[in-house]
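> Quick one, what's the 3D model for this:
(2 chains)
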Amino acid sequence: EDQVTQSPEALRLQEGESSSLNCSYTVSGLRGLFWYRQDPGKGPEFLFTLYSAGEEKEKERLKATLTKKESFLHITAPKPEDSATYLCAVQASGSARQLTFGSGTQLTVLP
Amino acid sequence: DAEITQSPRHKITETGRQVTLACHQTWNHNNMFWYRQDLGHGLRLIHYSYGVHDTNKGEVSDGYSVSRSNTEDLPLTLESAASSQTSVYFCASSSDYEQYFGPGTRLTVT
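Numbers count the residues shown, from 1 in each chain, chains lettered A, B, ... in the order given. Here you go, the predicted structure:
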């Protein structure tokens, strides 16, 4: 059974204080790992797809990296508008297009 | 711009009633999905479809049904609503890898 565990559950940072969110996964053959951002009362918003270990993707203050067992979402010099819940999901090679989600990390960036 | 919409955005219903949640996408994606999101459980897959007339059960499909008569729409029906089905429901669509989500429907069953 595919599993995704995200840590920490919640993270509070001061504006400008860089940190990382963790996503550990077990899957029978990884087809893709996905990061989403979710604001309160809204649907998840797609951020990144990573396909193989060693791959990195960047978007503004966010950088996602992937190893064979986990992914990190690095947030550099965060701003209050980066506050949101960040979700990680995996797509297994045998499950076609289905995603298995973690429970998310709720990030709060204080001004 | 292409988008995915859900209606209603909020719904209150009584136990035992049939409820249908609508999902409409203009991406022309073949794949569509329904999830529910609850505190402590994250997003869980209810049903999914890979094309017209194709439907499949997900992790938490009991008490729910879907039908796909065209590419754009995948309505989710709760046959006899139960209090355990109080949740936020999200529809998503994809062409291959990335799934794009709608704004969600908050359903309360009293």
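
> quick one: residue B:71 and residue A:22, what's the gap?
Here the criterion is CB to CB, to the nearest Å. By it, residue B:71 lies 38 Å from residue A:22. From N, CA and C alone the C-beta is placed, and that goes for glycine too.

> What does residue 92 show for phi and psi?
Using chain A here. When read as degrees, to the nearest 10, the backbone of residue A:92 gives phi -80, psi 150.

> where does it land on pLDDT?
At residue A:92, the model reports a pLDDT of 88.

> Now do the strands in chain A.
Remark: strands assigned in chain A by DSSP state E are A:3-7, A:10-14, A:19-26, A:30-38, A:45-50, A:56-59, A:62-66, A:70-75, A:84-92, A:100-101, A:105-110.

> For chain B, which of those strands is the nearest?
Distances from chain B to each of the strands of chain A were compared using CB to the nearest CB; the minimum, 4.2 Å, belongs to strand A:100-101.

> Mean confidence (pLDDT) on that closest one, please.
93.

> Kindly point out the strands partnered with it and how each is oriented relative to it.
Strand partners for strand A:100-101, identified by DSSP bridges, are recorded as strand A:84-92 (antiparallel).

> Any idea how many residues pack against the residue of chain A found nearest chain B?
Here the residue of chain A nearest chain B is residue A:43; by CB to the nearest CB that distance is 3.6 Å. For residue A:43, the number of neighbouring residues by other CB atoms under 10 Å in any protein chain shown comes to 21.

> How about residue B:100?
The local packing of residue B:100 (other CB under 10 Å) involves 20 other residues.

> For it, give the beta-bridge partners.
What pairs with residue B:100, by the bridge criterion (DSSP bridges), is residue B:93.

> so what's it up against?
Residue B:100 makes contacts with A:46, B:4, B:25, B:27, B:29, B:92, B:93, B:94, as judged by CB atoms under 8 Å, 6 or more residues apart in numbering or on different chains.

> ok, and the closest non-adjacent residue to the fifth one?
Distances taken as CB to CB, 6 or more residues apart in numbering or on different chains place residue B:93 nearest to residue B:29, at 4.0 Å, with adjacent residues excluded.
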